[in-house]
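[1] Fold the following.
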Amino acid sequence: MNQSIPNHLRPFVASQHYHAYTPIDHAVWRYVMRQNHHFLEETAHEAFTQGLNSSGINIQEIPRVSEMNKHLAEIGWGAAIVDGLIPGTAFFDFQAHGILPIATDIRQKSNIEYTPAPDILHEAVGHAPILFDETYSTFVKMIGNIGANAFATEEEHEVFEATRHLSIVMEDPSSTDEEIIKSKQVLKEKQQLVTGLSEAEQVSRIFWWTVEFGLIGELDQPRIFGAGFLSSVGESKHCLTNEVTKQEFSIEAAIQTSYDVTSLQTQLFVCESFEQLINDVEKFGETLAFRKGGTDGIEKAIRSNQIAHIEYSSGLQITGVFKELIRDEHGDAIYIKTSGPTALSIQNEQLVHHGTDRHEDGFGAPIGVLHGGTTLEHSTEADLKKIGIELNKLMQITFESGIEVSGHVTDLVFHHQQVILLSIDECLVTFRDQILFHPSWGTYDLAIGSEIVSARPHPADYDAFFGLTACMEEEYVVPEALTPLENLFAEVRGLRDMAFSIDLIPSIVGKLKNDFPEEWLLRLEVLELLEEHEPESILKDELLLDLYELRKQDRFKRLIQNGLDIIFSRNGVSV
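    Next comes the predicted model:
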């Protein structure tokens, strides 16, 4: 495991079972890589082609993530293996820390041109090479940081789970058409429950139209830089055609444009440069709750119905599931409540004796200044005495909002000589005729702060809130025995990688004809070997006739033609 991975991201880390890749998996990798390398030489941003060799990726076989990690370390990045789709905040947080999350499954041959599920072709080929461009790398870390701190709604969390399930079903070769249709319907129903554009959805759309499916340069002759293009045969060729509408990139337009992960893109955005993306996304980040805070930030925490934390102007942080908000007559927040385990922190470190064991049933706290304009967080111990707040003595204060707090002070917590928390026994907290805290409920901890300056969708101190995550031992998965078709692929791979022998080809071609009449990919691989070693062989003509016949089927037409184009391109032959 990459030792630089923060503890809070380690639960998402998995293992790459390299020995479990089948010969067909490697053939799928090779087909896509050869197609893309051939096409992208003239159409991709130069940072991609330059970075491909630097990233430890080659055309012939699926890369080992451990090797990629070594190469990425040279530019201050790393790689981590993850298990398919992971929550958006975690996905972005990996990148904010300069760690590329890589799903190591590889798409089925039936989805060779495009798959909505994360796979190693998309993650490794699409994302890694272009990171070697320093400006682009800066942009990815920036949007990663913004995405890691963007709030989603409860409904969007449910959409994520439905999307994850759909991607699993679509990549499972045993899935039935009925199961796929049902999963798509569930996703559609969940999507229909989502209202408005949350922060997370806005970041997701910006990311989609840039990092995933971005074009760069001139509007009428752009180059490709999005990972979805760089890893997809179908998308990369389709995106530059006139079938796809292209418009100049802007944050506003990207945010207002939704996307469909299950189909080819019909419209795209073209940015001027990576510098433009950095400037635009930095300005966008200033509008989000983690930088603005306020009542709006608290509302977003409540709508997420997930563990989050808010930060007071005093620096005090409250972590929990935020459930309730009391406002004044102007609509501004004056009191917040969490439910369930809650913790208090300062500068992302949990305060001693203020973890979830002390606040296991939730927490409530006022926001604002005292009547008369006194700001408690700027008060020293001497200042507090002047307004009647002193250790082991009774106190009574009234906030400008009308909230009243009274009781016996048992503890004062300071940070840099300024108070951030009061502990009060026999405490009564009221707002008008409403009791917010009763003396019989125990000790009341009064959070100090006149305003909320930040709200983020994760704990302030993850390790303390959840406990340290133990490192899991890498699990060894015993590879299944090869099928007859996989054995044929392995045999052909041996002919290419070790020693070609024409004597073995008739048997392979015979098995293809008798047992696998629709196996187009292996026929292309054998044809490629013959074109290189025995171009006059009659078996080459037999394979070509088979492929021409299969090409008549729409599902194979483009795949076979693209493969033939690569095989014969060196000789300028049209097939």
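
[2] C-alpha from now on. contacts and neighbour counts both.
    Fine.

[3] Surely residue 308 and residue 461 touch.
    No. When contacts are counted by Cα atoms under 8 Å, residue 308 is not listed as touching residue 461 (10.6 Å).

[4] Looking at these two, which has the bigger crowd around it?
    Taking neighbours as other Cα atoms under 10 Å, residue 308 and residue 461 compare with residue 308 leading, 25 against 22.

[5] tell me the SS of the more buried one?
    Assigned by DSSP: H, G, I helix; E, B strand; the rest coil, the conformation of residue 308 is strand.

[6] hmm, who's touching the top helix by length along the chain?
    Taking DSSP state H as the criterion, the chain has its longest helix at helix 23-43. When contacts are defined by Cα atoms under 8 Å, 6 or more residues apart in numbering, helix 23-43 is touched by residues 49, 59-62, 106-109, 112-113, 121, 223-224, 230-233, 236-237, 486-487, 489-490, 493, 521, 562-563, 566.

[7] in which helix or strand would I find residue 311?
    Secondary structure assignment for residue 311, by DSSP states H and E: strand 307-312.

[8] Enumerate the positions of the next helix or strand along the chain from that strand that are buried.
    With elements assigned by DSSP H and E, the helix or strand that comes after strand 307-312 is strand 316-327. For strand 316-327, the neighbour count (16 or more other Cα atoms under 10 Å) marks 316-323, 325 as buried.

[9] what packs against strand 316-327?
    With contacts taken as 3 or more Cα pairs under 8 Å, 6 or more residues apart in numbering; DSSP states H and E, strand 316-327 sits against helix 294-304, strand 307-312, strand 333-346.

[10] In strands, which of the contacts of helix 23-43 fall?
    Among the contacts of helix 23-43, the members falling in strands (DSSP state E) are 223-224.

[11] Go through stretch 71-82 and flag the buried ones.
    By neighbour count on 16+ other Cα under 10 Å, the buried set for stretch 71-82 is 71-72, 77-82.

[12] which residues are contacting it?
    With contact meaning Cα under 8 Å, 6+ apart, stretch 71-82 is reached by 1-2, 5, 12-16, 54-56, 65-66, 68-70, 98-104, 128, 132.

[13] what's the answer for stretch 559-569, then?
    By Cα under 8 Å, 6+ apart, the residues outside stretch 559-569 that reach it are 31, 34-35, 38, 520-521, 524, 528, 531, 547, 551, 574-575.

[14] what are the pairing partners of the helix or strand harbouring residue 215, and which direction each?
    Secondary structure assignment for residue 215, by DSSP H and E: strand 214-218. Strand 214-218 pairs in its sheet with strand 221-224 (antiparallel), strand 267-271 (parallel), by DSSP bridges.

[15] Buried residues of the next helix-or-strand element following the longest one, list them for me.
    Following the chain from strand 267-271 toward its C-terminal end, the next helix or strand by DSSP H and E is helix 274-285. Applying a neighbour-count criterion of 16+ other Cα under 10 Å, one finds 274, 277-278, 281, 284-285 buried in helix 274-285.

[16] Show me where the stretch 51-200 of the chain dips below the pLDDT cut-off.
    Filtered on pLDDT under 70, the stretch 51-200 of the chain yields the residue ranges 116.

[17] show me where it has strands.
    78-82, 99-103 (DSSP state E, counting those that start in this stretch).

[18] and the strands paired with strand 214-218 as JSON lines, adding mean pLDDT?
    Formatted as JSON lines, the strands paired with strand 214-218 follow (pLDDT from 0 to 100):
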{"stretch": "strand 221-224", "mean pLDDT": "94"}
{"stretch": "strand 267-271", "mean pLDDT": "97"}
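
[19] Columns mean neighbour count on top of those, output as CSV?
    Below are the strands paired with strand 214-218 laid out as CSV (neighbours: other Cα atoms under 10 Å):
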stretch, mean neighbour count
strand 221-224, 19
strand 267-271, 20
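
[20] Could you point out which of these sits nearest residue 427?
    Residue 427 lies closest to strand 267-271 among the strands paired with strand 214-218, at 58.0 Å (Cα to Cα).

[21] How about residues contacting that closest one?
    Against strand 267-271 from outside (Cα under 8 Å, 6+ apart): 209-210, 213-219, 222, 239, 244-250, 254, 277.

[22] ok, now stretch 498-511?
    Contact with stretch 498-511 is made by 488, 494-495, 523, 526, 529, 533-534, 539, 543, as judged by Cα under 8 Å, 6+ apart.

[23] Let me see the confidence value for residue 570.
    Note for residue 570: predicted pLDDT of 59.

[24] ugh, wrong one, residue 392
    In this prediction, residue 392 carries a pLDDT score of 96.

[25] Isn't residue 179 up against residue 171?
    No. Applying Cα under 8 Å as the test, residue 179 and residue 171 come out as separate, 11.8 Å apart.
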